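Q: sequence first, predicted model second:
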Amino acid sequence: SKFNAMAGRRVVLFDLGGVVLESPIVSIRRFSKEHGVEDLNRFLGASQSWAKLERSEILMEQFPEAIYEEAKAKGHKDGISLGVAGWKNLLAVIGGHNMRLTMAVAIRRLREAGFTTAALTNNFISPEQSDPLARIEHKEEQSVLKSLFNYFVESSVIGLRKPDPAFYQEALRIIGCKPEDAIFLDDIGKNLKTASDMGIKTIHVKNETPTMHLEALKQLEELVGIQLVDMSKL
């Protein structure tokens with residue numbers, strides 16, 4: 001067979017944004033360009049307010065004010081120029097990304113073949129939508145997403161976030177597996193490094209083009225020894 005099954009690794013861990021879902025990094029980059037500021041991904045990546053939001057230490061409605069104050073404290077001109085309202089607009093852009101159907105199909109095939117799948121996501125709790133229809137739609141989208149996985153590990157629920165090693169230890173505890181059992185797909189290098197250092201096999205999902213994530217799925221195919229992508233359908 002053209003596949004070389006990776007002996008023993010029967011658990012596949014997926015980041016959500018930029019892996020299973022379209023990339024928020026791309027949305028943030030687009031937002032930055034539209035608002036005439038430098039790419040805000042770097043500032044957010046090092047931001048205490050963002051980290052607190054993803055650990056549920058502050059609420060979503062407190063975030064715009066908190067990050068604006070942080071930008072002032074750090075002398076970050078672009079973050080200051082956005083103002084509280086601008087940061088609030090950014091949050092709206094980050095929420096709700098479309099599912100990549102190729103990824104959903106791959107995850108279903110893994111489960112049918114007896115693999116355990118888990119989502120490992122840095123996220124934050126969104127306030128309830130005021131519009132009842134929007135609320136129902138959001139709940140339905142969430143339940144479809146969650147139904148793909150055996151386990152769903154969220155920073156906003158466990159109070160830890162990637163790339164903190166404690167996040168991965170807790171995820172492995174919840175799933176009931178060892179690092180040597182697992183393969184992990186993420187689009188952020190530092191999140192992969194921590195996992196790799198612990199003995200988890202990692203795959204870097206790249207998003208430079210709209211179909212580049214398929215390269216990561218091909219790598220995963222090689223590791224698990226089953227077909228996950230129908231190239232003919234793309």
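A: Received it, and whenever you're ready, just let me know what you need. Numbers count the residues shown, from 1 in each chain.

Q: how near is Met212 to Glu57?
A: 34 Å (C-beta to C-beta, to the nearest Å). Placement of C-beta: from N, CA and C, glycine included.

Q: then Pro165?
A: From Pro165 over to Glu57 the distance is 19 Å, taken as C-beta to C-beta.

Q: need the contact list for the nearest residue to His76 once chain neighbours are set aside.
A: Nearest residue to His76, sequence neighbours excluded (C-beta to C-beta, 6 or more residues apart in numbering): Phe43, at 5.8 Å. Contact analysis of Phe43 by C-beta atoms under 8 Å, 6 or more residues apart in numbering lists Ala71, His76, Asp78, Gly79.

Q: looking at this structure, which helix or strand does the model trust least?
A: Every helix and strand of the chain was ranked by mean pLDDT, DSSP states H and E. The lowest is helix 132-147, at a mean of 87.

Q: all helices of this protein, in order?
A: For the chain, the helices defined by DSSP state H cover 24-34, 41-45, 48-54, 63-74, 77-94, 101-112, 132-147, 155-158, 165-175, 189-197, 213-224.

Q: next, the buried residues of the shortest one.
A: It stands for helix 155-158. In terms of neighbour count (16 or more other C-beta atoms under 10 Å), helix 155-158 has its buried residues at Ser155, Ser156, Ile158.

Q: look up how far Asp164 lies from the first one.
A: Per C-beta to C-beta, Ser155 is found 9 Å from Asp164.

Q: can you check the last one too?
A: Computed with C-beta to C-beta, the distance linking Ile158 and Asp164 is 10 Å.

Q: again, but for the second one
A: According to C-beta to C-beta, Ser156 stands 14 Å off from Asp164.

Q: and Glu208, what pLDDT?
A: pLDDT for Glu208: 90.

Q: contact partners for the nearest residue in space to Leu53 that is not next to it in sequence?
A: Using C-beta to C-beta, 6+ apart and skipping residues adjacent in sequence, the residue nearest Leu53 is Phe124, 4.6 Å away. The neighbours of Phe124, taking C-beta under 8 Å, 6+ apart as the test, are Leu53, Glu54, Ser56, Met60, Phe63, Ser155, Ser156.

Q: give me the lowest-pLDDT entry from those.
A: pLDDT across those is lowest for Met60, at 92.
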